[in-house]
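**Q** attaching a predicted model along with its sequence, questions to come.
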Amino acid sequence: MTLLAPGANAALPQTTFTLGVRHGGLVGADIDVSAFLVGPNGRVRSDADMCFYGQPSVENSAVVQRSTDATGALFAIDTARLPPSVDKIVITATIHENKATFSRLVGVNIDAGGVQGHIPCPGMDETALILAEIYRRGTDWKLRIVGQGFKGGLAALATHLGVDLAKEESSPPPVPVAPRAPVSLTKVVLTKSGASSKISLRKASSGPIRVTATWVDNGDGRDNNDDLDLRAGILMPNGSMHWLAASHPGSLTQSPFARHLGDVREVSRDAPGTEIIEVDPQIAQRAGGPVALVFSVYSAVTNGAVSVASLHPVMQVEHAGQTVECAYSFPDGKAAKNVYTYVIGTIAIDGDSLDVQLSGMTSPAGSEKTPWIVRTAKGLDISFDGSPVFKGGNTFAARLLGAGTKKYSNL
């Protein structure tokens, strides 16, 4: 059976099933697996929506934690018992008291009624993870593998989901204060080429910057031309460019301080294709200066001619409850035909500020060259001067086609 990678999803065949999480043990540290019921806003309704060892049954036994041990946990789930106010079940894992990081694990396996997924953990220096989501799709329910990390452990994860954790206080008791309001979520949608918006990176404990690209089946009846790949070119402070893709996944803990979470190949109108790249919010400090990334989706020539516009690619950049979405509306779908690469947008990171800009640029027809960026007095300049890179990596064909074009530092 094929394991779902982070970003992939599949339909659940029944409403009642068991969900198992196997992560293996950590010497000197305990892992707690929990489930959160959240609404359409991605946040819990109250503390009663937390299913964990201290509250093993929630929402009229819709989610019950049956067992937990040093290597995993088992839940019984009945989605038919969930009210309309619950949009998804978020499955999480946290390392108690942040005594270790998930990088010490080989990976985490999830099995929901026979639908299975895997999250590779090498390089993960976080102490809390969103493992998976069980979410509504019309009248049905689906499983999505996530793999989103948080460096702040349980506190950062709980805040992300809208939980207000009470902190222990020493005597004398503190002066009563008004309850803290949940962290507000903000979302900006960019639709025009050149439009931009900023995200604050001051909350480094909220985990990595998460860049998600999604697209849909274009409904043309073919199953070989809807497989896009999310890619990134990373402009380092010294002017070199680093390549990031499923074939070159990178790392959060060492250069380039960004990682690709894996290739997703199955897509339909009901189950959009999704690929994810995570970026360390302190990438500029760790790399020694301003860093910029250009994000694109690519359809290989072997997939056949396809209109990028017909796949409706969208990119979301998320950090600490802030979201910027790049959803370019192609003015002429024909202009996107017979091209293999669409540049969704760029992000520029300098200190604790991140600037997202929508591009809307497509490669020349028939060209396999990749997007390249340079810094100018006016900002980032995008061109298609990068060497071709195929799924297999820096193959002989790629080197031949890339003769005379700009080269990536890691290829």
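**A** Arrived safely, thanks for sending. Residues are numbered from 1 along each chain as shown.

**Q** got the contact list for the residue lying closest to His319 once chain neighbours are set aside?
**A** Nearest non-adjacent residue to His319, counting by C-beta to C-beta, 6 or more residues apart in numbering: Ile209, 4.7 Å away. All C-beta atoms are positioned from the backbone trio N, CA, C, and that covers glycine. Ile209 makes contacts with Ile199, Leu201, Glu278, Val279, Asp280, Pro281, Val317, Glu318, His319, Ile347, Leu354, as judged by C-beta atoms under 8 Å, 6 or more residues apart in numbering.

**Q** tabulate these (CSV), appending distance to Ile130.
**A** Output for the contacts of Ile209, formatted as CSV (distance: C-beta to C-beta, whole Å):
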residue, distance to Ile130
Ile199, 19
Leu201, 20
Glu278, 12
Val279, 17
Asp280, 17
Pro281, 17
Val317, 17
Glu318, 12
His319, 14
Ile347, 22
Leu354, 21
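
**Q** sort those residues by pLDDT and name the bottom one.
**A** Ranked by pLDDT, the contacts of Ile209 bottom out at His319 (85).

**Q** ok, it to Glu325 distance?
**A** 13 Å (C-beta to C-beta, to the nearest Å).

**Q** for those two, indicate the residue with more neighbours.
**A** Taking other C-beta atoms under 10 Å, His319 and Glu325 do not tie; His319 has more neighbours (22 against 19).

**Q** contact partners for the more buried one?
**A** His319 makes contacts with Ile199, Ser200, Leu201, Lys203, Ser206, Gly207, Pro208, Ile209, Arg210, Pro281, Leu354, as judged by C-beta under 8 Å, 6+ apart.

**Q** check what pLDDT the fifth one gets.
**A** pLDDT recorded at Ser206 is 65.

**Q** just the second one next, same as before
**A** At Ser200, the model reports a pLDDT of 88.

**Q** and Ile382, by the same measure?
**A** pLDDT at Ile382 comes out at 95.

**Q** Ala70 now?
**A** 88.

**Q** grab the nearest non-local neighbour of it.
**A** Gly25 (4.5 Å).

**Q** contact partners for the nearest residue to Ser383 once chain neighbours are set aside?
**A** Counting by C-beta to C-beta, 6+ apart, Trp372 is the residue found nearest to Ser383 once chain neighbours are left out, at 5.3 Å. By C-beta under 8 Å, 6+ apart, the contact set of Trp372 is Gly233, Met241, Val294, Ile382, Ser383, Phe384, Asp385, Gly386, Lys406.

**Q** distance from the chain centre to the helix or strand encompassing Trp372, please.
**A** Under the criterion DSSP states H and E, the helix or strand holding Trp372 is strand 370-376. The chain centroid and the centroid of strand 370-376 are separated by 24 Å under C-alpha atoms, centre = their mean, to the nearest Å.

**Q** and it, which strands flank it?
**A** Strand 370-376 pairs in its sheet with strand 379-386 (antiparallel), by DSSP bridges.

**Q** chain center to the strand it pairs with: distance?
**A** Put simply, strand 379-386 sits 25 Å off its chain's centre (C-alpha atoms, centre = their mean).

**Q** and what of stretch 346-359?
**A** Stretch 346-359 has its C-alpha centroid displaced from the chain centroid by 17 Å (C-alpha atoms, centre = their mean).

**Q** pLDDT value on the nearest residue to Ala10 once chain neighbours are set aside, please?
**A** Spatial nearest neighbour of Ala10, chain neighbours left out: Val115 (5.0 Å); criterion: C-beta to C-beta, 6+ apart. Here the pLDDT value assigned to Val115 is 93.

**Q** next: Arg286.
**A** 93.

**Q** Ala178 too?
**A** Looking at Ala178, its pLDDT stands at 36.

**Q** and Arg81, by the same measure?
**A** 94.

**Q** what sits against the closest residue to it other than its chain neighbours?
**A** Leaving aside its chain neighbours, Arg81 sits nearest to Ala62 (3.7 Å; criterion: C-beta to C-beta, 6+ apart). Ala62 is in contact with Leu37, Ile77, Asp78, Thr79, Arg81, Leu82, Val86, counting by C-beta under 8 Å, 6+ apart.

**Q** likewise Met361?
**A** Neighbouring residues of Met361 by C-beta under 8 Å, 6+ apart: Ser193, Tyr342, Val343, Pro371, Ile382.

**Q** could I get these as TSV with neighbour count and distance to Met361?
**A** Output for the contacts of Met361, formatted as TSV (neighbours: other C-beta atoms under 10 Å; distance: C-beta to C-beta, whole Å):
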residue	neighbour count	distance to Met361
Ser193	15	8
Tyr342	26	8
Val343	25	4
Pro371	25	8
Ile382	19	6
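
**Q** lowest pLDDT pick from the residues you listed?
**A** When the contacts of Met361 are compared by pLDDT, Tyr342 scores lowest at 87.

**Q** wait, that one sits on Pro313?
**A** Yes - at 6.0 Å, Tyr342 and Pro313 qualify as touching, with contact defined as C-beta atoms under 8 Å.

**Q** picking up where we left off before, quick one: buried ones out of the contacts of Ala62?
**A** Leu37, Ile77, Asp78, Thr79, Leu82, Val86 (16 or more other C-beta atoms under 10 Å).

**Q** so what's Arg366 closest to, chain neighbours aside?
**A** Arg isn't right for residue 366; it's Gly. Excluding its sequence neighbours, the residue lying closest to Gly366 (C-beta to C-beta, 6+ apart) is Asn338, at 6.4 Å.

**Q** check which helix or strand that neighbour maps to.
**A** Counting by DSSP H and E, Asn338 is found in no helix or strand.

**Q** and for it, the neighbour number?
**A** Neighbours of Asn338 using other C-beta under 10 Å come to 17.

**Q** before we move on, what about Gln254?
**A** 9.

**Q** how near is Ala5 to His118?
**A** Note on Ala5: its distance to His118, by C-beta to C-beta, is 7 Å.
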